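Asks: coords please:
(one chain, ligands or ions: 2)
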Amino acid sequence: MKLKLVIPKGRQFKKISELLTDSGIHLQGNERNYRPGCNDPQLEIKMLKSQNIPPLLALGQHDCGFAGADWIAEQRSEVEDLLDLGFDPVRIVASIPEDWDWDQVRARKIIAVSEYRQLCSSYLEKQGIDFTFVRAFGATEVFPPEDADLVVDNTSTGTTLKENRLKIVDTLLTSTTRFVADPRALDDPAKRDKIEHMVLVFRSVLEGRRRVLLEMNCEEDRLEELVAALPAMKSPTVSKLYRQSGFAVKAAVLKDQVRDLLPKLRKAGATDILETPVRKVIP
Ligand SMILES: Nc1ncnc2c1ncn2[C@@H]1O[C@H](COP(=O)(O)OP(=O)(O)OP(=O)(O)O)[C@@H](O)[C@H]1O
Ligand SMILES: O=P(O)(O)OC[C@H]1O[C@H](OP(=O)(O)OP(=O)(O)O)[C@H](O)[C@@H]1O
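Replies: Numbers count the residues shown, from 1 in each chain. Ligands and ions are numbered 1, 2, ... in the order given. Predicted structure coming up:
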């Protein structure tokens, strides 16, 4: 069985390739080789422009891959959304020049510019706005005020909108990178098995990134107090120290809790605290 996996080139590539590496899938070849080799003989990998991935998956040209939720929605691609990786979060927003009045703009016939033809048009139709659509091929924010009255584009930090003196009047969608599949691939038991395993590993890597492992020692009379202070995934692992009266306590905790947790653990009797990274959390 060969599973055809499609990966976006461009800005989404770095985070996806890091996820694959942490999942034990190592791509081989340089960045301009759009058919990279891989250490997993079951995977056949191809790189495509992000926007082309959802429709090609829906056509059955590939079995699974990564794509932005924005381009899945824009192209109404019938793919199975298996996992929200949370990478590259953006908002798809409608914007107008910052000193324009939205009520006045929406009351007249406007020129609307976007890379997202479908999302932009259906938004304006629902709003009852009279518009002519012009398709942008990048640098969308530069069109207003001379060449457009309104743009629909993605925004991350908001810098590009600000630099081009635009203000947001509405949010159409929020989008992140997804792991998706052709529904037909999920009907094939061998492919389904492989895809489900990939989802499990990706999920466990993402969960691992959120956690660290804390290990510490404590005296017997402080054990209950220490365990109560530890927010473990289930309950902490407690083992007796060899030829000593104390205990070793171990728990995987959320990274963003550690800063506040360490002084509390010390107060609750913890000594010799070790913090180590967690690579995967497999349920
Ligand atoms: N500034 C951004 N920050 C985070 N994600 C973004 C940003 N811009 C675009 N994306 C996301 O990346 C995906 C691909 O978009 P886009 O075509 O703009 O990227 P790209 O192919 O890497 O572009 P480029 O060729 O300009 O580097 C989309 O799903 C989009 O939501
Ligand atoms: O909110 P920000 O952090 O400023 O990011 C948003 C900008 O980033 C992307 O542009 P990109 O660099 O891909 O150029 P493009 O517009 O030519 O595609 C996107 O199309 C926005 O223009």
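
Asks: Please count neighbours and contacts with C-alpha atoms only from this point.
Replies: Noted.

Asks: Give the helix, strand or coil label for the residue nearest to V281 when sequence neighbours are not counted.
Replies: Leaving aside its chain neighbours, V281 sits nearest to S204 (4.6 Å; criterion: CA to CA, 6 or more residues apart in numbering). Secondary structure, DSSP: H, G, I helix; E, B strand; the rest coil: S204 is helix.

Asks: residues touching S204, list them.
Replies: 280-283 (CA atoms under 8 Å, 6 or more residues apart in numbering).

Asks: quick one: pLDDT of the residue in the stretch 1-150 of the chain positioned nearest to ligand 2?
Replies: Residue nearest to ligand 2 within the stretch 1-150 of the chain: G138 (3.5 Å; CA to the nearest ligand atom). pLDDT, G138: 95.

Asks: Might one say that it is in contact with Y116?
Replies: No: in this structure G138 lies outside contact range of Y116 using CA atoms under 8 Å: 10.8 Å.

Asks: more neighbours, those two?
Replies: Set side by side, G138 and Y116 show more neighbours around Y116, with 21 against 10, by other CA atoms under 10 Å.

Asks: so that one touches D153, yeah?
Replies: Yes: the pair Y116 and D153 passes the contact test of CA under 8 Å, sitting 7.3 Å apart.

Asks: List the residues that contact K191.
Replies: Here K191 is in contact with 1, 3, 185 (CA under 8 Å, 6+ apart).

Asks: swap in A69?
Replies: 174-178.

Asks: Mind pulling the model confidence for it?
Replies: In this prediction A69 is given a pLDDT of 98.

Asks: Check M233 too.
Replies: At M233, pLDDT is 78.

Asks: same thing with N30?
Replies: For N30, pLDDT reads 79.

Asks: ok, the nearest residue to it once chain neighbours are set aside to ligand 1 distance?
Replies: On the basis of CA to CA, 6+ apart, the spatially nearest residue to N30 that is not a chain neighbour turns out to be P36, at 7.6 Å. The spacing between P36 and ligand 1, counted by CA to the nearest ligand atom, to the nearest Å, is 18 Å.

Asks: again with D130
Replies: For D130, the distance to ligand 1 - CA to the nearest ligand atom - is 26 Å.

Asks: quick one: contacts for that residue?
Replies: So D130 contacts 106, 108-110, 124 (CA under 8 Å, 6+ apart).

Asks: If we ignore the residues flanking it in sequence, what's nearest Q12?
Replies: What sits nearest to Q12 in space, not counting adjacent residues and going by CA to CA, 6+ apart, is D88, at 7.0 Å.

Asks: What separation is there between the one you found and ligand 1?
Replies: For D88 relative to ligand 1 (CA to the nearest ligand atom), the value is 4 Å.

Asks: Pretty sure that residue sits against T177.
Replies: Yes: counting by CA under 8 Å, D88 does reach T177; the two are 6.3 Å apart.

Asks: Overlap in contacts, the two.
Replies: Joint contacts of D88 and T177 (CA under 8 Å, 6+ apart) are Q12.

Asks: Between those two, point out the one with more neighbours.
Replies: Using other CA under 10 Å as the criterion, D88 and T177 rank with T177 on top: 23 against 13.

Asks: what sits against the more buried one?
Replies: Counted by CA under 8 Å, 6+ apart, T177 has contacts 12, 66-69, 84-89.

Asks: Pull out the buried members of these.
Replies: Neighbour-count burial (16 or more other CA atoms under 10 Å) applied to the contacts of T177 gives 12, 66-69, 84-85, 89.

Asks: Adding distance to R211, write those residues out as TSV.
Replies: Output for those, formatted as TSV (distance: CA to CA, whole Å):
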residue	distance to R211
Q12	24
F66	24
A67	26
G68	26
A69	26
D84	18
L85	16
P89	21
